[in-house]
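In: Please find the sequence and the predicted model below.
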Amino acid sequence: MIKNLKPWLLAALILASLHQAHAQNPFITNQFTADPTARVFGDRIYVYPSHDIRATPGHGRAGWFVMEDYHVFSSANLTDWTDHGVIVTQNKVPWVKPDSYSMWAPDCIQRNGKYYFYFPSAPRDTAISKGFTIGVAVADKPTGPFVPQPLPIKGVRGIDPNVFIDKNGQAYLYWSQGNIYGAKLKENMLELAEEPKTLGELPTKGLKEGPYLFERKGIYYLTYPHVANKTERLEYATSTSPLGPFTVKGVIMDESPTGCWTNHHSLLQLKNQWYLFYHHNDLSPKFDKNRSVRIDSLSFAADGSIRKVTPTLRGVGLTDARQKIQLDRYSRLSQQGAAIAFLDTANTFQGWKTVFTDAKGWVQYNGVAFGSQKVKAVTLRGASAAGATLQIRLDNAAGPVVAEVSVPKGSAWQEVKAPVGAIRPGPHTLFVAPKSGAAVEVDWVRFE
Ligand code: FUB
């Protein structure tokens, strides 16, 4: 079959298979997103996050979470994400209190060809629950349309649903309400099959929420955000069975160094690589209830313990040299002479720029895929009041200079093109620095 493919299609498929994962953080930048649950359905990765919005007069509580609906996003490669739009919205769910803006962290799972989307919210009838409870919406496709059940799941009070289906086909629902709870689900995925169990061997001091359970090599990992100090960090406990007893094992990700109070995550294995999906308030650094989803790689030690994940801006995988390379999502940045800033602080969704203030500045960006075809030129979008020249090297500060790009004097952004020297095929690290001391800003670079 491969023999009959056109050469260009074969080349594209080879390239695509080499680029198993590519993303920069945050990986959704058209809206605020939080609490990402990532799942693989068929040949795509789907992310079901919460959707933070800003409160406006009469819509949501200022200074708090304002969450009206859910979108689903999908990707074939972890880099190019499609927003499939709204799948569930508060005022179309019969049991949800209208305009409560409480559509918190969801999950979605596939069973027998149906997709079950679990979501918490505030019920309209306080006889159901005074706080949050959890409902289900069902669809024939991962992108919907999802039809909400008329009532929430009986016997559940709390938030942050997570569903796990064990190898023997038994499904479990986990959720949180101060403690973390779990219970078997009936075959219909819509009702509890037993009384909820408190998963009691977890830390007793400090809020725990956002459970995410998975199994690897016979070990059941219960992962959860926990406030051990000031804000949430991601921790985990393990067991030999889905409902415990669990043994607390350690920390997956430390507290946010910049004070984002919540974190909420899921884990996913794609081929032989594990990924941690989590959130941070990248697009809203002054208000941590407008969050954005991120991905970083995760690995296990030989004894099954999870190695701590250091959050990065670079994210995962390779970036195509022929697409805009956002240097501000760097792998490394000099301590002096370079900084990252929003392109427009009034509209953070436009993203960031790298600001070089003097010749001490540099930025390093790992994992740029040049493929097998030679590149001849590079375009850089930059601005420099006095005019400046940037050098693009491969590998590091001592690596070969492959291009020198001069940004003419001026206050406006300009796209400037320069010839590129020989670059070996395959992935490379870019190292970009001003040649002289003049201040210069860079939005992106792109090879052709
Ligand atoms: O997104 C609202 C709430 O913040 C979630 O339900 C919690 O897990 C925390 O991330």
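Out: Right, received. Where do you want to start?

In: Leaving out chain neighbours, which residue sits closest to F41?
Out: Leaving aside its chain neighbours, F41 sits nearest to P142 (4.5 Å; criterion: Cβ to Cβ, 6 or more residues apart in numbering). All C-beta atoms are positioned from the backbone trio N, CA, C, and that covers glycine.

In: three-state assignment of the one you found?
Out: coil (DSSP: H, G, I helix; E, B strand; the rest coil).

In: just checking, it touches T82?
Out: No. Using Cβ atoms under 8 Å as the test, P142 is too far from T82 to be in contact (11.5 Å).

In: Nearest spatial neighbour of the residue nearest to the spatial centre of the chain, chain-adjacent residues omitted?
Out: Centroid-nearest residue in the chain, with Cα atoms, centre = their mean: R294, separated by 2.6 Å. Leaving aside its sequence neighbours, R294 sits nearest to N25 (Cβ to Cβ, 6+ apart; 4.0 Å).

In: residues contacting the one you found?
Out: N25 makes contact with H280, D282, S292, R294, I295, D296, P311, T312, L313, R314, G315, R329, according to Cβ atoms under 8 Å, 6 or more residues apart in numbering.

In: For my notes, confirm the residue nearest to the centre of the chain occurs in a strand.
Out: Yes. Per three-state DSSP, R294 lies within a strand segment.

In: quick one: it and Y278 touch, right?
Out: Yes. Counting by Cβ under 8 Å, Y278 is a contact partner of R294 at 5.6 Å.

In: Quick check: neighbours shared by those two?
Out: Counting by Cβ under 8 Å, 6+ apart, the residues touching both R294 and Y278 are P311.

In: thinking again about what came up before, and the residue nearest to the centre of the chain, what pLDDT?
Out: Per-residue pLDDT puts R294 at 98.

In: how near is it to the ligand?
Out: R294 sits 13 Å away from the ligand, going by Cβ to the nearest ligand atom, to the nearest Å.

In: now do Q414
Out: From Q414 over to the ligand (counting by Cβ to the nearest ligand atom), the distance is 41 Å.

In: you'd agree N91 is in a helix?
Out: Yes. Assessed with three-state DSSP, N91 lies in a helix.

In: which non-adjacent residue is nearest it?
Out: P98 (5.2 Å).

In: Tell me who's in contact with the one you found.
Out: Counting by Cβ under 8 Å, 6+ apart, P98 has contacts Q90, N91, R124.

In: Run through the residues that contact the first one.
Out: Residues touching Q90, when contacts are defined by Cβ under 8 Å, 6+ apart, comprise E68, D69, V96, P98, D99, S100, Y101, S102, M103, S121.

In: D344 - how many residues pack around it?
Out: 11 (other Cβ atoms under 10 Å).

In: List the contacts of it.
Out: Q350.

In: Quickly note the distance from it to L327.
Out: Distance, D344 to L327, by Cβ to Cβ, to the nearest Å: 18 Å.

In: Please report the distance of G131 from H51.
Out: Going from G131 to H51 by Cβ to Cβ gives 21 Å.

In: quick one, which of those two is more surrounded?
Out: H51 (20 against 13).

In: where does the more buried one fall, phi/psi-wise?
Out: For H51, the backbone dihedrals (degrees, to the nearest 10) come out as phi -130, psi 100.

In: so it sits right up against I28, yeah?
Out: No. Under the criterion of Cβ under 8 Å, H51 makes no contact with I28, lying 9.8 Å away.

In: what's the overlap in contacts for those two?
Out: In terms of Cβ under 8 Å, 6+ apart, H51 and I28 are not both contacted by any residue.

In: burial of G135, as a residue count?
Out: 26.

In: ah, wrong one, I meant V156
Out: Under the neighbour criterion other Cβ under 10 Å, V156 is assigned a count of 23.

In: I figured it was touching T133, is that so?
Out: Yes. Using Cβ under 8 Å, V156 is in contact with T133, at 5.8 Å.
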